[in-house]
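Q: one predicted model, sequence on top.
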Amino acid sequence: MPQWTSPPGKTIADAMSARRLSSSQLAQALNESKKFVEGLLEGRVRITLGLAKKLQDAVGYSAAFWMTRDQQYRDDVARLRQPGLEWLLELPLDDMSRLGWIADDAPPGFEVEMVLQYFAVPSIPVWRTRYATELKEAAFRTSPTFESSPGAVAAWLRQGERIADKTQCAPWDAAGFQNVLLELRALTRVRHPQRFIPRLQAAAARCGVAVVVLQAPSGCRASGAVRWVSDDKALVLLSARHLTDDHFWFTFYHECAHLLLHRDTRLFLDEEPEAETAQEAEANALAQEILIPASFADALATVRLETFSIVELASEIGVAPGIVVGQLQRVKRLPQDYLNRLKRRYQWFEGELVSREKA
């Protein structure tokens, strides 16, 4: 039994080509609208006996042929749809629709085709080969437990890829990117994501990196990911999962560190691993060095653990106070629940990361 099907519209299109009929001419011959003909060619319109007789006159073949052709197609769709429906249960379709990644009005029986088009794969087995296998390998590098749903992570990654495809970037420039990362540190002091994200994206694009800040769907626990979408273009994907400035910026620099340090790896997917791998430790170390250079190590180790001193040190370093708080918590000088008021808080609004503070 073939794992594919072809709508009657394919045969209709072939017959139209043989008779040199345009869609407009067929619509006129059928006494229907052009939109109706588009649906007929795509398989969304069922062929009734009356329509079959019209097709017989317009493009040839018998009415019985068209009725049989349509029924075979519907039977094939039903047969192929069952495993497809099981696959759809692995995906966060409600969130994908709510976030505008897929349409919410697919005709019954066409949901699988729509989602396959979203992932740019021809079949579910190909999807599993490309995404499920890749995610399994990425998960092994980050977290032994990997509590995310692979389907949710795959959907998030794919939307990031789609946005990156539309992002104009110069060719990859490692040296230039490293310099840009140092310059971008000043953006940590800008309060509102609507102001610093476009500047961040523009600077990274000049070095061959598409930075995408994208809300994660339900079931995706990833904070960030980095992948090479071509030999000279990379994607840095951020979910802003904890919605604080310290976590956002550390994740950004962590992902960028992977690009600089681990060029041969096609995909890094970062959650919160139970134990750091060597590559994760290297990325963490570089991210920390960029945010708070080694020249400030003594100051970070001795700063008084109170608001004024931390704000003063952050100003001296040139970063937001929340960055210093986050690093102090990271090295366990501060408890995780102490001085968090110095961190800036974000939220998602209509798919955009915004500040909780008033502009």
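A: Now that the structure is in, tell me what you want to look at.

Q: how's the protein carved up into domains?
A: What automatic domain parsing lists as the domains of the chain is 1-88, 125-355.

Q: pLDDT below threshold where in this structure?
A: Where the chain drops to pLDDT under 70, the residues are 1-4, 80-83, 106-109, 137-148, 272-276, 358-359.

Q: for the protein, longest helix please?
A: helix 63-88 (DSSP state H).

Q: chain center to that one: distance?
A: 31 Å (C-alpha atoms, centre = their mean, to the nearest Å).

Q: same question for stretch 168-186.
A: 22 Å.

Q: span of it from start to end?
A: Terminal residues of stretch 168-186 are spaced 24 Å apart (C-alpha to C-alpha, to the nearest Å).

Q: and stretch 229-236, by the same measure?
A: Chord length of stretch 229-236, first to last residue, is 10 Å (C-alpha to C-alpha).

Q: next, the buried residues of that stretch.
A: V229, K233, A234, L235, V236 (16 or more other C-beta atoms under 10 Å). C-beta coordinates here come from the backbone N, C-alpha and C atoms, glycine included.

Q: hmm, who's touching stretch 185-198?
A: 199-200, 211, 213, 245, 249, 290-291, 318-320, 323, 344, 346, 352-355, 357, 359 (C-beta atoms under 8 Å, 6 or more residues apart in numbering).

Q: can you mark which positions in it are buried?
A: Of the residues in stretch 185-198, those buried (16+ other C-beta under 10 Å) are R185, L187, T188, R189, V190, P193, F196, I197.

Q: just the strands in the protein please.
A: Counting by DSSP state E, the chain has strands at residues 209-213, 224-230, 233-238, 267-270, 346-349, 352-355.

Q: the second one vs strand 233-238, what angle?
A: Using axes from the mean of the first three to the mean of the last three C-alpha atoms, to 10 degrees, the direction of strand 224-230 lies 160 degrees away from that of strand 233-238.

Q: can you list contacts of strand 224-230?
A: 138, 156-157, 160-161, 164-165, 210, 234-239, 251-252, 254-256, 258-259, 266-270.

Q: just the third one next, same as before
A: Outside of strand 233-238, the residues within contact range by C-beta under 8 Å, 6+ apart are 156-157, 160-161, 164, 169, 171-172, 204, 208-214, 223-229, 248, 251-252, 255-256, 259.

Q: distance of G60 from K54?
A: G60 sits 12 Å away from K54, going by C-beta to C-beta, to the nearest Å.

Q: and if you look at I292?
A: For I292, the distance to K54 - C-beta to C-beta - is 74 Å.

Q: returning to that earlier point: give me the helices and strands touching the longest helix of the chain, please.
A: Other elements packing on helix 63-88 under the criterion 3 or more C-beta pairs under 8 Å, 6 or more residues apart in numbering; DSSP states H and E are helix 8-19, helix 49-59, helix 111-119, helix 124-127.

Q: just so I know, which of the ones you listed lies nearest W87?
A: W87 lies closest, by C-beta to C-beta, to one member of these: helix 124-127, at 5.0 Å.

Q: how far off centre is the closest one?
A: 18 Å.

Q: picking up where we left off before, for the buried residues of stretch 229-236, could you give me JSON lines that also reports distance to D95?
A: Written out in JSON lines, the entries for those read as follows (distance: C-beta to C-beta, whole Å):
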{"residue": "V229", "distance to D95": "23"}
{"residue": "K233", "distance to D95": "27"}
{"residue": "A234", "distance to D95": "26"}
{"residue": "L235", "distance to D95": "20"}
{"residue": "V236", "distance to D95": "22"}
